[in-house]
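Participant: Below are the sequence and a predicted model for it; my questions follow.
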Amino acid sequence: MEIEVPHAWPDDEAEALRIQDALRPLVDTVGPGPRAPRTVAGVDVAYGADRPDGSTPVAAAVVVLDTVTLRPVATATAVGSTTFPYRPGLFAFRELPTVITALRSLHHTPDLLLCDGQGLAHPRRFGLACHLGVLTGLPTAGVAKNAFVGTFSGLGTERGEWAPLLDGTEVVGRALRTRSGVKPVFVSVGHAIDLATASRHVLALAPGYRLPETTRLADRLCRQVLRG
DNA sequence: GCGACAG
DNA sequence: ATCTTGTCGC
């Protein structure tokens, strides 16, 4: 698919913050997004050992699933390297360049993109999923294994139950139980979709494990690519 | 000032 | 994220 990147990739923190500020107003937090997506893509990145020159090997994978069969219908991968260090809140600048490369080689445009990490549940309301949504124009949502900002309480123990993720009084996402008795995942809006719709799709994509099949398959693929 | 901090 | 096999428990 075609992706226009409106900014150069920053090499320092201050520039990265400026880019987030500039792109944040472009996020569509209303949606409602696809009610019945036919395909959903999972995106993930794996890292190798830091090189002596300070760069880090990166492999990105995109796996498109048919929402009915939950089987892959298309995949794309890319390898690269990063010099941007890991900084909570600036995660996207470390991962997105290679992810964009992979997406550009994808011969299919999914109805929804699920990212590993946060969307609006971010200190400046512009997590990885928001950033990728703005760059691609596709509906996106974040599915994180841990909360970044926000707290929740009163979450039931059964699969399907959820509790709002609150940052002060603002709902920034949702703690969603995808497996009974197992730690929830943290869903937040990325772009062009609403929270309830995004959560519904995440639950449907995770019939057997805590993480949705999209991210499980993307995770497996990028690790495989990183090796050889 | 101290600790926390998506992947 | 990554370094890593078996193992305790439902």
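Facilitator: Nice, thanks for sending it over. Numbering: from 1, shown residues only, chains lettered A, B, ... in the order given.

Participant: so where is chain A shaky, pLDDT-wise?
Facilitator: Along chain A, no part satisfies pLDDT under 70.

Participant: mind listing the strands for it?
Facilitator: Counting by DSSP state E, one finds strands in chain A at the ranges A:39-47, A:56-66, A:72-82, A:112-116, A:140-144, A:162-167, A:170-176, A:185-191.

Participant: close to DNA strand C, is the last one?
Facilitator: No. Where contact is defined by Cβ under 7 Å from any atom of the strand, no part of strand A:185-191 touches DNA strand C; the two come within 11.9 Å at best. Just so you know, the C-beta spots here come from the backbone N, C-alpha and C atoms, and that holds for glycine as well.

Participant: Sheet-wise, list the partners of that strand with their directions.
Facilitator: Partners of strand A:185-191 in the sheet, by DSSP bridges, are strand A:140-144 (antiparallel), strand A:170-176 (antiparallel).

Participant: returning to what we had before: got the strands of chain A as CSV, with mean neighbour count and distance to residue A:216 columns?
Facilitator: Below are the strands of chain A laid out as CSV (neighbours: other Cβ atoms under 10 Å; distance: least, Cβ to Cβ, whole Å):
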stretch, mean neighbour count, distance to residue A:216
strand A:39-47, 25, 8
strand A:56-66, 23, 9
strand A:72-82, 18, 11
strand A:112-116, 28, 10
strand A:140-144, 30, 11
strand A:162-167, 19, 20
strand A:170-176, 23, 16
strand A:185-191, 30, 12
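
Participant: Adding distance to residue A:32 as columns, could you present the ones you listed in a markdown table?
Facilitator: Below are those laid out as a markdown table (distance: least, Cβ to Cβ, whole Å):
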| stretch | distance to residue A:32 |
| --- | --- |
| strand A:39-47 | 16 |
| strand A:56-66 | 21 |
| strand A:72-82 | 24 |
| strand A:112-116 | 12 |
| strand A:140-144 | 12 |
| strand A:162-167 | 18 |
| strand A:170-176 | 15 |
| strand A:185-191 | 11 |
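
Participant: Need these in JSON lines (columns: distance to DNA strand B).
Facilitator: Rendered in JSON lines, the data for these read as follows (distance: least, Cβ to the nearest atom of the strand, whole Å):
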{"stretch": "strand A:39-47", "distance to DNA strand B": "6"}
{"stretch": "strand A:56-66", "distance to DNA strand B": "8"}
{"stretch": "strand A:72-82", "distance to DNA strand B": "10"}
{"stretch": "strand A:112-116", "distance to DNA strand B": "4"}
{"stretch": "strand A:140-144", "distance to DNA strand B": "4"}
{"stretch": "strand A:162-167", "distance to DNA strand B": "12"}
{"stretch": "strand A:170-176", "distance to DNA strand B": "11"}
{"stretch": "strand A:185-191", "distance to DNA strand B": "7"}
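
Participant: how much space between residue A:205 and DNA strand B?
Facilitator: Separation of residue A:205 from DNA strand B (Cβ to the nearest atom of the strand, to the nearest Å) stands at 16 Å.

Participant: Excluding chain neighbours, what is closest to that residue?
Facilitator: residue A:212 (3.7 Å; Cβ to Cβ, 6 or more residues apart in numbering).

Participant: Now do the contacts for that neighbour.
Facilitator: Contacts of residue A:212 were listed using Cβ atoms under 8 Å, 6 or more residues apart in numbering, and they are A:42, A:114, A:143, A:178, A:185, A:202, A:205-206.

Participant: In a markdown table: those residues, plus distance to residue A:217.
Facilitator: Putting those into a markdown table (distance: Cβ to Cβ, whole Å) gives the following:
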| residue | distance to residue A:217 |
| --- | --- |
| A:42 | 6 |
| A:114 | 11 |
| A:143 | 13 |
| A:178 | 16 |
| A:185 | 16 |
| A:202 | 14 |
| A:205 | 10 |
| A:206 | 12 |
